[in-house]
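Enquirer: sequence unknown, structure follows:
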Ligand SMILES: [Zn+2]
């Protein structure tokens, strides 16, 4: 993958050519993948208040008149990493309880209401605008995906933490792309085994 493709990962490009998560879960997946820990820090799509503002606006999570502060951007990044940890926990075992604490803190000011459309269908909607509303929308998606069971298929790559949607029958996928992270993990395990044999 060249740099141009790497910069598109998480938006236009999915490692391994996977399809993005279905329905609204795709937005939460894009949120987690607004940064990949294998890439330079300044590629973080919500790394500064300006970038966070542009990203939230582009995704329809805040309107153009909302001002995103540096502190808002920081709490969004903290929430993103907590949700990433939950996605990794979907195949790596229970997360550190502190992670649930971060999400619980975020949810205190992120209120949702049950809205109803003309056809009588219900929908969770933020009950206030701004960054709190954006956080509420994201947590609402997390909640809905947990109810439908789709959340269990959103996994954090064991190597790079990238969130991918596992459509395999037995939900066995562990890496964003076998050809990238799967092989890297295996090579490292191989080198570790070899050096421990050499040291014996
Ligand atoms: Zn990966």
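Expert: Looks like it came in fine. Note that this is a predicted model, so its numbers are computed, not measured.
Enquirer: residues from this structure in reach of the ion?
Expert: 157, 159, 160, 162, 176, 181 (Cβ under 5 Å from the ion). Glycine gets a C-beta too; all of them are placed from N, C-alpha and C.
Enquirer: close enough to count as contact, the fourth one and residue 14?
Expert: No. Taking contact to mean Cβ atoms under 8 Å, the distance of 9.0 Å between residue 162 and residue 14 leaves them out of contact.
Enquirer: Which one's more surrounded, these two?
Expert: Shown here are residue 162 and residue 14; by other Cβ atoms under 10 Å, residue 162 has more neighbours (29 against 19).
Enquirer: Might you report the residue contacts of residue 130?
Expert: Residues in contact with residue 130, defined by Cβ atoms under 8 Å, 6 or more residues apart in numbering, are 62, 66.
Enquirer: ok, back up a step: can you put the residues of the chain next to the ion in CSV and add secondary structure, distance to residue 44 and pLDDT?
Expert: Formatted as CSV, the residues of the chain next to the ion follow (DSSP: H, G, I helix; E, B strand; the rest coil; distance: Cβ to Cβ, whole Å; pLDDT from 0 to 100):
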residue, secondary structure, distance to residue 44, pLDDT
157, coil, 17, 93
159, coil, 19, 89
160, coil, 14, 91
162, coil, 14, 94
176, coil, 17, 90
181, helix, 19, 81
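Enquirer: Between the residues you listed, identify the one with the most neighbours.
Expert: Within the residues of the chain next to the ion, most neighbours by other Cβ under 10 Å means residue 162, with 29 neighbours.
Enquirer: residues in contact with the closest residue to that one other than its chain neighbours?
Expert: Using Cβ to Cβ, 6 or more residues apart in numbering and skipping the chain neighbours, the partner closest in space to residue 162 is residue 176 (4.1 Å). Residues in contact with residue 176, defined by Cβ under 8 Å, 6+ apart, are 15, 16, 18, 157, 159, 160, 162, 164.
Enquirer: The fourth one contacts residue 164, doesn't it?
Expert: Translated: residue 157. Yes. Residue 157 is within contact range of residue 164, at 6.4 Å (criterion: Cβ under 8 Å).
Enquirer: Mind telling me what element residue 84 is part of?
Expert: helix 70-92 (DSSP states H and E).
Enquirer: so what does that helix touch, helix or strand wise?
Expert: The helices and strands touching helix 70-92, judged by 3 or more Cβ pairs under 8 Å, 6 or more residues apart in numbering; DSSP states H and E, are helix 25-32, helix 49-58, helix 97-108, helix 130-148, strand 154-156.
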